[in-house]
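> All I have is the shape, not the residue letters:
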């Protein structure tokens, strides 16, 4: 189950968001001020967060800046009653994925979640395509090194390709041939066996 953090100092907002997000299948945690929010971000992993800008203790924009400085990459949706262009720009620059103005309806929250899910899925697909393309480039380079009998280089590039894409039989064949060229026949045989399992 996906975990979401709601950070808002207004109890009714936290209750409305909690109910809406639970209906969408999220496990919900909440914080009522910036200090508590920072502690939650540091001590728990969240798949998503709703963060109010105007908070006691530490402002929402400062919370967002601090978690980014700590390397916490949780997608954050900003919620605010005080929408300004500057706030929107500042939050976007800090990696906020959406900006929702109060008051909002349950339909609006569902719409934002759907948009976020679609964008996240698209990003995952795009990253997968890049990894496959990277793997193909590395295998092409490894093949060139094999032809030039630079077996150690061929092995290095083929192993890098393997770390990007585990399901390409060509990678296992190239590694096998590189080991064979280096006269490490046991390893060559093992990787050739992996290669053959794709063709059963």
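Cool, the structure landed. Quantities reported herein were computed from a predicted structural model and do not represent experimental measurements. Numbers count the residues shown, from 1 in each chain.
> Which positions in the helix or strand harbouring residue 19 come out as buried?
In the assignment (DSSP states H and E), residue 19 maps to helix 11-23. Using 16 or more other Cβ atoms under 10 Å as the burial criterion, the residues of helix 11-23 that qualify are 13-14, 16-18, 20-21. For the C-beta atoms, the positions are set from N, CA and C on the backbone; glycine is no exception.
> Closest to residue 66 out of the residues you listed?
The closest of the buried residues of helix 11-23 to residue 66 turns out to be residue 14 (Cβ to Cβ; 21.0 Å).
> wait, is residue 99 part of a strand?
Yes. Counting by DSSP: H, G, I helix; E, B strand; the rest coil, residue 99 is located in a strand.
> Can you name the residues bridging to it?
Taking DSSP bridges, one obtains residue 78 as the residues bridged to residue 99.
> how much space is there between it and residue 80?
Residue 99 sits 8 Å away from residue 80, going by Cβ to Cβ, to the nearest Å.
> Next: residue 71.
Taking Cβ to Cβ, one finds residue 71 at 25 Å from residue 80.
> more neighbours, those two?
For residue 71 versus residue 80, the count of surrounding residues by other Cβ atoms under 10 Å is larger for residue 80: 20 against 6.
> Looks like that one contacts residue 51 (just checking).
No. Using Cβ atoms under 8 Å, residue 80 is not in contact with residue 51; the gap is 9.1 Å.
> shared neighbours of those two, which are they?
Counting by Cβ atoms under 8 Å, 6 or more residues apart in numbering, the shared contacts of residue 80 and residue 51 are residue 60.
> Am I right that residue 29 is in a helix?
No. Residue 29 is assigned strand when assessed by three-state DSSP, not a helix.
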